[in-house]
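# From the sequence below, what's the structure:
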Amino acid sequence: MQMNKTGWGPGVSLAAAVGLFVLAANTAWAADADKGKKTFEVCTGCHSGGPHAVGPDLHGVYGRQSGSLPDYKYSPAMKRSKLTWDDKNLAAYIANPQAKVKANNMSFRGIRDPKDIDDLVEFLKDYK
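Take a look at the predicted model:
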């Protein structure tokens, strides 16, 4: 069988091959808030979900500025960071809190699995 330029065989265009790849990647990697809720269980030891615990309450964290809750004592590093907790900043912080905000008080080493991070960020978007 003779292959075309895509290497997929006769009749498959480059655009179709790319489209299949993108569709497969999006289907396999769609963030799942329900799975993120399960991942969030790792966080509940310090982030109780109600009043502040060791860490601040995370209800409504998505879109909020770092270090901005008036009734929680943040580290100076977190107050100075002036991050907006969006997809990018949350993902980087969840993966490695000390790398994202050096000298912050969070002792958690981070979550390594990118899918778990995406799921957790998706959960936090609606954690009100």
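
# Just list the residues touching residue 109, thanks.
96-97 (Cβ atoms under 8 Å, 6 or more residues apart in numbering). Where C-beta positions appear, they are placed from N, C-alpha and C, glycine not excepted.

# how near is it to residue 42?
Residue 109 sits 11 Å away from residue 42, taking Cβ to Cβ, to the nearest Å as the criterion.

# With residue 85 instead?
For residue 85, the distance to residue 42 - Cβ to Cβ - is 18 Å.

# what's the answer for residue 61, then?
Residue 61 is 15 Å from residue 42, by Cβ to Cβ.

# ditto for residue 64
Distance from residue 64 to residue 42, by Cβ to Cβ: 21 Å.

# Do me a favour and get the end-to-end distance for stretch 39-53?
Stretch 39-53 has an end-to-end distance of 18 Å (criterion: Cα to Cα, to the nearest Å).

# in it, what counts as buried?
Neighbour counts over stretch 39-53 (16 or more other Cβ atoms under 10 Å) mark 39-40, 43, 47 as buried.

# Tell me which residues are up against stretch 87-106.
46, 55, 61-62, 66, 74-78, 81, 83, 85, 108-112, 114, 117-118, 120-121, 124.
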